[in-house]
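Student: give me the fold of what follows.
(one chain, ligands or ions: 1)
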Amino acid sequence: MSKVALTELPAWQALKQHHEAIASLHLRDLFDQDAERGARFALDALGIYFDYSKHRITSETIDLLLQLAEQSELRARIAAMFAGEKINITENRAVLHTALRAPRDATILVDGENVVPGVHEVLDRMADFCERVRSGAWTGFSGKPIRAVVNIGIGGSDLGPVMAYEALKFYSQRDLQCRFVSNVDGTDFVEATHDLDPAETLFIIASKTFTTQETMTNAQSARRWFLANGGNEDAIAKHFVAVSTNAGEVAKFGIDTANMFGFWDWVGGRYSMESAIGLSTMLAIGSDNFRAMLAGFHAMDEHFRTTPFAQNLPVLMGLLGLWYADFFGAETVAVLPYDQYLRRFPAYLQQLTMESNGKYITLDGARVNYQTGAIFWGEPGTNGQHSFYQLIHQGTKLIPCDFIAFAQTLNPLGDHHDLLMSNVFAQTEALAFGKTQAAVEAEGTPAWLAPHRVFEGNRPTTTLLADKLTPAMLGKLVALYEHMVFTQSVVWQIDAFDQWGVELGKVLAKRVAAALNGDGDLSGYDSSSAALIARYRELRTHKNP
Ligand code: G6Q
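Tutor: Numbering: from 1, shown residues only. All right, here's what the predicted structure looks like:
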């Protein structure tokens, strides 16, 4: 399929000109000129108050961005994704994470087959299993109930589960702890298990392919640890379950496929936290809360699918991100959740956004001549304020920020929450409006010091204010970012659902691993790599068996 190049679209050209005209406008002036601006550029949807008034935009900017979405055929692409068309063209796959959260009576066809009953069958099996573990009915080899769940997985089979466990800890069963092992660095496994009792431990081997080097290495270490600490082969079935699409490999590992929870090739790794990959989440919070989370995802799916673009949260968020990336040259986006439970949310979003939109080849196979995916990063507020916010306020880079906050805290404690929230509002105010030279001088600041104390302002922010962090709200937030990513990928004309960029390193690592153990010839390597490998061979003390 051949499309008109993005930069040739009329809306893109108009945006270029429009950018020149408004780039120097200051948010101070925009707010001064329009007393209603705060309300004009704000939306209320699905319990999220979405304030995008502190962006360097006018009504015309939004009109042109919406035209860009139309000219990019976003509406048709959304329909294609929801209908199960194979929009992941480089892997020839449908992209149907939305089917994972579709209600029981929905019909979604892939190759002529309705996939929804299968989704709910797995959810029901997961719910039954989780109930048995949570209630203590499922016991380990010594008859004791399970008290620790260790999820072994990496990338999409880790980041979502970790993030969701942290985010929803408030709702979790506290006598059942979850831990996560992802890194092939043995330290990860050793530290995660050093104080665990194998008799009370359940391992979830979470791997779509069941061939990922890191996960399989950790899974084998888990099996050895279990056998060396009182477990036996017959008890493996009580202590190891799998989440995978690969029954053959699961059986080879020795896990009873009755204890395997499946999913499908139309679920991408980074879009899988609400599939069986979320088994640890369901074990932690229970199936009712898990289903509430799915309902939250689904509500945002429907919002994205049906709401006109001008009121569509993911669409607007995606277009605003694009406005800064492509017209202001901004390279990063800071995500700043003012909720301690969301501390892993930025890390989770890094994979979702950067693995999806970190592409320089279009669907037509051409090299892009514009910027694509931004670098996402962030930390929970207020901690970031005491470290990197300085650069956002007074550095030379433009960094649009997403502030995420909740009106109600899950842990009321004195006036903590008001103090937390006052920082949200104060930061976005300071970033937008800054502090002028005149204001600094009026405070009696000596002339030589004044420039250091001036805040230029005009730093754009979005504020997402919801009532409370619940499982449903988490689902909405994740789906919001998922669909934001998709929106951007459509305009950028890239495949958001493949990840060929992670392949090369994997292949080379296999070759190097073989070279580390011998004393073979290194002449096939470049001089830097050969010297590093030689030095490693010389210095390492522990030899693999
Ligand atoms: C995500 C990627 C990647 C994947 C991991 C783990 O979209 O595909 O992060 O999730 O490589 O893969 P397995 O689940 O197959 O072990």
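
Student: hmm, the helix or strand bottoming out on mean pLDDT in the chain touching the ligand?
Tutor: Using mean pLDDT, DSSP states H and E, helix 503-516 stands out as the lowest-scoring helix or strand of the chain, at a mean of 88. No. Under the criterion of C-beta under 6 Å from any ligand atom, helix 503-516 makes no contact with the ligand; the nearest approach is 8.7 Å. Quick note: C-beta positions are derived from backbone N, CA and C, even for glycine.

Student: could you give the angle of the next helix or strand after that helix to helix 503-516?
Tutor: As assigned by DSSP states H and E, the chain's next helix or strand after helix 503-516 is helix 527-539. Interaxial angle of helix 527-539 relative to helix 503-516 (axes from the mean of the first three to the mean of the last three C-alpha atoms, to 10 degrees): 40 degrees.

Student: how about the residues of this structure by the ligand?
Tutor: Residues of the chain lying near the ligand (C-beta under 6 Å from any ligand atom): 154-157, 207-209, 212, 215, 268-270, 355, 499.

Student: and these, which are buried?
Tutor: 154-157, 207-208, 212, 215, 268-270, 355, 499 (16 or more other C-beta atoms under 10 Å).

Student: looking at this, residue 149 is in a strand?
Tutor: Yes. Counting by DSSP: H, G, I helix; E, B strand; the rest coil, residue 149 is located in a strand.

Student: let me see the contact set for it.
Tutor: Going by C-beta atoms under 8 Å, 6 or more residues apart in numbering, residue 149 touches 133, 176, 177, 178, 179, 201, 202, 203, 204, 280, 283, 284.

Student: check residue 325 too.
Tutor: Contacts of residue 325 (C-beta under 8 Å, 6+ apart): 331, 371, 372, 373, 374.

Student: go on, residue 509?
Tutor: By C-beta under 8 Å, 6+ apart, the neighbours of residue 509 are residue 213.

Student: what separation do you get for it and residue 308?
Tutor: 47 Å (C-beta to C-beta, to the nearest Å).

Student: grab the nearest non-local neighbour of residue 276.
Tutor: In this structure, residue 276 finds its nearest non-sequential neighbour in residue 261, 3.6 Å apart by C-beta to C-beta, 6 or more residues apart in numbering.

Student: give me phi/psi at the one you found?
Tutor: The phi and psi values for residue 261, taken as degrees, to the nearest 10, are phi -110, psi 120.

Student: wait, what's in contact with it?
Tutor: 122, 125, 126, 129, 241, 242, 243, 276, 279.

Student: the third one is in what secondary structure piece?
Tutor: Secondary structure here is read from DSSP H and E; on that basis residue 126 sits in helix 116-135.

Student: what's that helix in contact with?
Tutor: Applying C-beta under 8 Å, 6+ apart, the external contacts of helix 116-135 come out as 99-100, 102, 104-108, 137-138, 145-146, 149, 173, 176, 202, 241, 259, 261-264, 275-276, 279, 282-283, 286-287, 290-291, 294.

Student: kindly report the same for stretch 413-427.
Tutor: 336, 338, 381-382, 385, 389, 403, 405, 407-409, 461, 463.

Student: how many neighbours does residue 449 have?
Tutor: By the other C-beta atoms under 10 Å criterion, the neighbourhood of residue 449 contains 10 residues.

Student: which phi and psi does it have?
Tutor: phi -90, psi -20.

Student: quick check: it vs residue 392, distance?
Tutor: Applying C-beta to C-beta to residue 449 and residue 392 gives a distance of 21 Å.

Student: cool, and residue 105?
Tutor: Counting by C-beta to C-beta - residue 105 and residue 392 are separated by 47 Å.

Student: residue ranges with poor pLDDT in the stretch 301-450 of the chain?
Tutor: Nowhere does the stretch 301-450 of the chain drop to pLDDT under 70.

Student: now with 90, please.
Tutor: Along the stretch 301-450 of the chain, the model assigns pLDDT under 90 to residues 381.

Student: in it, what residue comes closest to the ligand?
Tutor: Of all residues in the stretch 301-450 of the chain, the one sitting closest to the ligand is residue 355 (5.7 Å; C-beta to the nearest ligand atom).

Student: do the stretch 201-350 of the chain as well
Tutor: Using C-beta to the nearest ligand atom, residue 269 is the residue of the stretch 201-350 of the chain that sits closest to the ligand, at 2.3 Å.

Student: wait, what's in contact with that residue?
Tutor: Taking C-beta under 8 Å, 6+ apart, one finds 155, 156, 157, 208, 499 in contact with residue 269.

Student: residue 82 too?
Tutor: So residue 82 contacts 98, 108, 301, 305 (C-beta under 8 Å, 6+ apart).

Student: against residue 106, how distant is it?
Tutor: 10 Å.

Student: kindly report the same for residue 445.
Tutor: Taking C-beta to C-beta as the measure, residue 445 falls 62 Å from residue 106.

Student: then residue 151?
Tutor: 28 Å.

Student: of the two, give the one with the bigger neighbour count.
Tutor: Comparing residue 151 with residue 106 by other C-beta under 10 Å, the one with more neighbours is residue 151, at 27 against 16.

Student: for the more buried one, give the beta-bridge partners.
Tutor: residue 180, residue 204 (DSSP bridges).

Student: tell me the centre residue of the chain?
Tutor: residue 349 (2.7 Å; C-alpha atoms, centre = their mean).

Student: any idea what sits nearest it, other than its immediate chain neighbours?
Tutor: residue 376 is the one closest to residue 349 (C-beta to C-beta, 6+ apart), at 5.1 Å.

Student: next, count neighbours for the one you found.
Tutor: Neighbours of residue 376 (other C-beta under 10 Å): 23.

Student: before we move on, what SS does it have?
Tutor: Residue 376 ends up strand, using three-state DSSP.

Student: check contacts around it.
Tutor: 332, 333, 335, 346, 349, 350, 353, 354.

Student: take the buried ones among the residues of the chain next to the ligand and write them to TSV, including secondary structure.
Tutor: Converted to TSV, these look like this (three-state DSSP):
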residue	secondary structure
154	coil
155	helix
156	helix
157	helix
207	coil
208	coil
212	coil
215	helix
268	coil
269	helix
270	helix
355	helix
499	coil
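
Student: can you tell me the element residue 498 falls in?
Tutor: Using DSSP H and E, residue 498 sits in no helix or strand.

Student: and the residue nearest to it when sequence neighbours are not counted, what is it in contact with?
Tutor: Excluding the flanking residues, the one nearest residue 498 by C-beta to C-beta, 6+ apart is residue 90, at 4.5 Å. Contacts here follow C-beta under 8 Å, 6+ apart; on that basis residue 90 touches 495, 498, 500.
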